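> Got a predicted structure plus its sequence, pasted below:
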Amino acid sequence: MKNPSFTFVEGKRKYLLYTDHTGSESVEPLIRTLLHRRLPFEWHVAEGMKEADMTYWLSSQTIGTYLYLAGKRELVETGRTAAYEAGYSDDEFQTLLVGEPMTRIFCTVCEQLSLVPKKAQVICAQCKAPLSVTDHFSPRLQAYLAYRPISLETKVITE
Ligand SMILES: [Zn+2]
């Protein structure tokens, strides 16, 4: 599997790159492209900007600004929420989660595949069900099987 990377989007007025230290490496190819094409961009390396500050920063940008977010889960999630609040739509920004090993699972609750952090207990990216990841790898699905923990299942039945 190749490393996830950003896709360069043509024709934007300005490019904003926001990363933490783990995400800075992943924007290097992008910066090379931007420099080569002499496009206006700003790159911020920061840790833990507050969501409200981030929303303010994003709303004060020129219309036609494109945003790239790369880093740890916290930065990516704060950034995504702030981008939505600042009025950015899904086709005006990209996110990249780095520094966290990911694995493919098959959720037996919604019967869909999802990419989740490599842990024993995860949340299904599709149906948001809490799941226990097993060691059973399905060659057909190319994913590990994940089940709703027994205790939760019992709880659901008695509700
Ligand atoms: Zn699911």
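Yep, that arrived.
> just the strands in the protein please.
14-19, 41-45, 65-71, 93-97, 102-107, 112-117, 121-123, 130-138, 143-147 (DSSP state E).
> Next, count neighbours for the spatially closest residue to residue 93 that is not a sequence neighbour.
Excluding the flanking residues, the one nearest residue 93 by Cβ to Cβ, 6 or more residues apart in numbering is residue 67, at 3.8 Å. All C-beta spots, glycine's among them, are computed from the backbone N, C-alpha and C. The tally of other residues near residue 67 (other Cβ atoms under 10 Å) stands at 22.
> Was I right to think residue 67 contacts residue 54?
No - taking Cβ atoms under 8 Å as the definition, residue 67 is not a contact partner of residue 54, at 10.3 Å.
> circling back to that earlier point, out of the strands of the chain, flag the one nearest residue 79.
With respect to residue 79, and counting by Cβ to Cβ, the nearest of these is strand 65-71 at 4.0 Å.
> tell me which parts of the protein are close to the ion?
Residues of the chain lying close to the ion (Cβ under 5 Å from the ion) are 107, 109-110, 124, 126-127, 129.
> Sort the residues you listed by pLDDT and name the bottom one.
The member of the residues of the chain next to the ion with the lowest pLDDT is residue 126, and it reads 90.
> residues contacting the nearest residue to that residue once chain neighbours are set aside?
What sits nearest to residue 126 in space, not counting adjacent residues and going by Cβ to Cβ, 6+ apart, is residue 112, at 4.4 Å. Listed by Cβ atoms under 8 Å, 6 or more residues apart in numbering, the contact set of residue 112 reads 106, 124, 126-127.
> Could you check the pLDDT of residue 112?
96.
> how about the nearest residue to residue 25, chain neighbours excluded?
The shortest distance from residue 25 to any residue other than its chain neighbours is 7.7 Å, reached at residue 98 (Cβ to Cβ, 6+ apart).
> Next, find the distance separating that neighbour from residue 146.
Distance of residue 98 to residue 146, computed by Cβ to Cβ, to the nearest Å: 23 Å.
> which of the two has more neighbours?
Using other Cβ under 10 Å as the criterion, residue 98 and residue 146 rank with residue 146 on top: 25 against 20.
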